[in-house]
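Undergrad: this is the structure alone, sequence omitted:
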């Protein structure tokens, strides 16, 4: 695979700190600004030398933050549009694009140009001395952006993708409305949480008057590898997670399972090259799990805990043998998670998972409020993801230890070309 | 300053991963185990070679996690003792000590020895492939451990330090009872949040039946340097924070301001070599701050935002000139944070600050629930910290943008010798 400057799986490196940009490059980056609602569309720097801090290009064929090697930290936020103006929405997407270009390059929002002493600073400043830390910012459009309570607020109803509907109520769902859905979503991932938080905070701030934050979720440990260069991480059950995940190095699989293809949905041609983001906040009953025997844990998952090998034998990446019989039935139990989630059981459904562990402190009973913030990118959420999750929610023995407390689905527009804004094809 | 193996400011390095310990060193570490309530006191490894993952010794003159160079991530938890048995409390402290020794060395809880397949694993496993990431675990005893509602549950009333009382209600406090106080506290700091979360989870699990978690707080970006080797970080107001902090490299200052000295409190001689931990959860009104002019922000803080220099001139580490007059009064405003918090205004009170930024998502109105989880280690909390905080809460102009929502004070026992448990001198 040949790296190109537009490739969000390939890091560019910058030796330019935010501090230096304040004086020099920031001013240069502002040269091509065209003012839009106080924010302009500037160019990303393509001259990043090798070595130094990790930075991913914002522009490209697909949005960054999907097949980009999963960073360590997440700040995810969902927003509702509070304005009814199509123009305000477009201006916001333009302003968000400009800010995302700057922040992913490690620059200050607003380009770091000198600003009036009697005005609020354009950048909130807490990432000023930090490097880009591999920041990616990924935008999504929820079903309610196209129609909400029967109202077509932004003239987008006719462009709503067939596959973009509110996710159904799955068996045992216990969803919290204030942790679910939203007109827009932003996924910010970075190796430094302060950089990810800075990104969401500044985008939220730019949106003041047009959007309000509906909910947010922080994640601290990736639970999947999205590149074969990464080791498989562990979830809070102590097991390796995402062993069978799709990887950036499998372009044909990604075309089949992740990227929306031209012609997939004639009404939504604007989405070709994009994807869908499924989010599920899955609380784990940590204390109960921790009192379960190792035998039970491995039987529920279908893998051994230390190595992550399927119970039918081999090593982590050995394919499970679902036919192999033990003394009292299949070695891979019929209700084990690995069996029920396997493509062979789900009409060959594969996901690009990109979730994170979360811990939101303790609940009122002193139990850890913790679990997995599941994120997956898929090409056909309703046709392929929903049937699979229905089976898992109904039959997966692991569900005894899980509770789905949040949910959302968003269409993720394709990558953004220089000088364009995110989702521009939807509005033209 | 000469490093010693017992020095928690000096990292030891380990090339032994948890995985390898499972097979080899883990078994060795178990050799000296004496069983106590199912957990034994094992020895830390003193044979860590240079290079490799960062690990700090658990044993030493002072507890680690105080003058240790501040790591990047925090998981703080407060517990209430649910048992009335002094023996159970002692057994818990023994078991916690053993587990802390193992985890700070990057080993599995329980030593990684083979265990019954039909029993729950001793270690929850999610840190199994991770290195120690500079983990420190610091224990504290709250005032209610010595007497609660007039009851002396554990025969400790006569040993309660004079300085260990519930912090008073400061002006404008808006404390949430479920984010305040607690019989015990544990501060886990590491450069990998999954390692810090793993530590609190496993200690909480070990305490099942003896303690219940009262509240917890995660922090993601240190807001102070505790060593002159560290750069000054920024808080969520975008300003450098803790410029005037005490540092590990100032042993005389630490003796004056951080470490409890023999004779400080005849009834509490067990605390000599320890300290007090003050915690304050300080919510920041982020959105309001972000709409404030740079002039106003700098005037409230008393420093410039980019460099962190006092408004009276110089660079970050220049002493502020409080006498310097401008056109309409002192250049360093009378109600600026830096002036009011300065030792010269507070009977020479100095703190070892060790706080973290936090973000707990969004509140019901879509505002960021974020701020500073203030932690300070002090020698005399009531005599010196309380008067200072009273002035700040009453007069600091910055308070317009702050809300104190949680609070706690704990006595931090001195360092633990090999074969001893934390706080042992209190019980003997």
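TA: Received, thanks. Bear in mind the structure is a predicted one, so any value in this text is a computation, not a measurement.

Undergrad: which residue ranges of chain A form helices?
TA: Shown for chain A, the helices assigned by DSSP state H span residues A:18-23, A:25-29, A:86-104, A:193-206, A:251-257, A:286-290, A:294-301, A:337-341, A:386-395.

Undergrad: deepest-packed of these, please.
TA: helix A:193-206 (a mean of 25; mean count of other C-beta atoms under 10 Å in any protein chain shown). Every C-beta, even on glycine, is put in place using the N, C-alpha and C of the backbone.

Undergrad: just how off-centre is it within its chain?
TA: 15 Å (C-alpha atoms, centre = their mean, to the nearest Å).

Undergrad: could you give the angle of it to helix B:193-206?
TA: Relative orientation of helix A:193-206 and helix B:193-206, computed by axes from the mean of the first three to the mean of the last three C-alpha atoms, to 10 degrees: 100 degrees.

Undergrad: just the terminal-to-terminal distance for stretch A:387-403.
TA: Length of stretch A:387-403, first residue to last, C-alpha to C-alpha, to the nearest Å: 18 Å.

Undergrad: that stretch vs chain B: in contact?
TA: No. Stretch A:387-403 stays clear of chain B (C-beta under 8 Å from any C-beta of the partner chain), getting no nearer than 12.7 Å.

Undergrad: ok, and what's touching that stretch?
TA: Stretch A:387-403 has contacts (C-beta atoms under 8 Å, 6 or more residues apart in numbering or on different chains) with A:168, A:170-174, A:237, A:280, A:282-285, A:288-289, A:292, A:299-301, A:333, A:335-337, A:340-341, A:345-347, A:349, A:371, A:404.

Undergrad: restrict those residues to contacts with chain B.
TA: A:237, A:292.

Undergrad: which of the contacts of stretch A:387-403 fall in strands?
TA: Secondary structure defined by DSSP state E assigns A:280, A:282, A:283, A:284, A:371, A:404 of the contacts of stretch A:387-403 to strands.

Undergrad: what's across from residue A:329 in the sheet?
TA: Note on residue A:329: beta-bridge partners by DSSP bridges are residue A:326.

Undergrad: how about the residues of the stretch 101-250 of chain A by chain B?
TA: A:115-121, A:123-129, A:178, A:192-194, A:197, A:201, A:204-205, A:208, A:212-218, A:220-221, A:231, A:233-239.

Undergrad: drop anything exposed from those.
TA: Those of those that meet the buried threshold are A:115, A:120-121, A:123-128, A:192-194, A:197, A:201, A:204-205, A:212-218, A:220-221, A:233-239, by 16 or more other C-beta atoms under 10 Å in any protein chain shown.

Undergrad: which residue, other than its chain neighbours, is closest to residue A:90?
TA: Distances taken as C-beta to C-beta, 6 or more residues apart in numbering or on different chains put residue A:427 closest to residue A:90, at 5.6 Å, once the chain neighbours are dropped.

Undergrad: state the distance from the one you found to chain B.
TA: 25 Å (C-beta to the nearest C-beta, to the nearest Å).

Undergrad: for that residue, give me its contacts.
TA: Contacts for residue A:427 were tallied using C-beta under 8 Å, 6+ apart; they are A:86, A:90, A:93.

Undergrad: now for chain A, the helix or strand with the poorest mean pLDDT.
TA: None of the helices or strands of chain A scores lower by mean pLDDT, DSSP states H and E than strand A:39-40, at a mean of 26.

Undergrad: residue farthest from the centroid of chain A?
TA: residue A:327 (42.5 Å; C-alpha atoms, centre = their mean).

Undergrad: quick one, phi psi at that one?
TA: Residue A:327 adopts backbone torsions of phi -70, psi -40, taken as degrees, to the nearest 10.

Undergrad: ok, it to residue A:260 distance?
TA: According to C-beta to C-beta, to the nearest Å, residue A:327 and residue A:260 sit 47 Å apart.

Undergrad: just the buried residues of stretch A:260-277, please?
TA: A:260, A:264, A:265, A:268, A:270, A:271, A:272, A:273, A:274, A:275, A:276, A:277.

Undergrad: likewise stretch A:413-425?
TA: A:413, A:414, A:415, A:416, A:420, A:421, A:422, A:423, A:424, A:425.

Undergrad: and the pLDDT for the fifth one?
TA: The one in question is residue A:420. Looking at residue A:420, its pLDDT stands at 98.

Undergrad: now do the second one
TA: The model reports residue A:414 with a pLDDT of 98.

Undergrad: contacting residues for it?
TA: Contact analysis of residue A:414 by C-beta under 8 Å, 6+ apart lists A:61, A:62, A:63, A:260, A:271, A:272, A:273, A:274, A:425.

Undergrad: if we go to 10 Å?
TA: A:60-63, A:259-260, A:270-275, A:422-425 (C-beta atoms under 10 Å, 6 or more residues apart in numbering or on different chains).

Undergrad: quick one: it from residue A:141, how far?
TA: Distance from residue A:414 to residue A:141, by C-beta to C-beta: 12 Å.

Undergrad: joint contacts of those two?
TA: A:270, A:271, A:274, A:422, A:423.

Undergrad: not counting sequence-adjacent ones, nearest residue to the first one?
TA: It refers to residue A:270. In space, residue A:270 is closest to residue A:425, 3.8 Å off (C-beta to C-beta, 6+ apart).

Undergrad: one more: the last one?
TA: Of all residues beyond its chain neighbours, the one nearest residue A:423 is residue A:413 (4.2 Å), with distances taken as C-beta to C-beta, 6+ apart.

Undergrad: now residue A:276
TA: Excluding the flanking residues, the one nearest residue A:276 by C-beta to C-beta, 6+ apart is residue A:381, at 4.5 Å.

Undergrad: wait, isn't that neighbour in contact with residue A:257?
TA: No. Judged on C-beta atoms under 10 Å, residue A:381 makes no contact with residue A:257 at a distance of 11.4 Å.

Undergrad: joint contacts of those two?
TA: What both residue A:381 and residue A:257 touch, as defined by C-beta under 10 Å, 6+ apart, is the set residue A:275.

Undergrad: for the residue sitting nearest the centre point of chain A, what are its contacts?
TA: Of all residues in chain A, the one closest to the mean position by C-alpha atoms, centre = their mean is residue A:187, 4.9 Å from it. For residue A:187, the contact set (C-beta under 10 Å, 6+ apart) comprises A:63, A:65-66, A:74-77, A:136-140, A:196, A:199-200, A:217, A:219, A:277, A:279, A:354, A:356, A:375, A:377, A:410, A:412.

Undergrad: identify the residues contacting the residue of the stretch 201-350 of chain A at minimum distance from chain B.
TA: Nearest to chain B in the stretch 201-350 of chain A, going by C-beta to the nearest C-beta, is residue A:238, at a distance of 2.4 Å. Residues near residue A:238 by C-beta under 10 Å, 6+ apart: A:289-290, A:294, A:297, A:301, A:305-306, B:121, B:123-128, B:198.

Undergrad: redo the buried residues of stretch A:260-277 as TSV? Include pLDDT.
TA: Shown next, in TSV, are the buried residues of stretch A:260-277 (pLDDT from 0 to 100):
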residue	pLDDT
A:260	98
A:264	97
A:265	96
A:268	95
A:270	98
A:271	98
A:272	98
A:273	98
A:274	98
A:275	98
A:276	98
A:277	98
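
Undergrad: so which of those belong to strands?
TA: A:275, A:276, A:277.

Undergrad: on that earlier part again, and the contacts of stretch A:387-403, which of them are buried?
TA: A:170, A:173, A:237, A:280, A:282-285, A:289, A:292, A:299-301, A:333, A:336-337, A:340-341, A:345-346, A:349, A:371, A:404.
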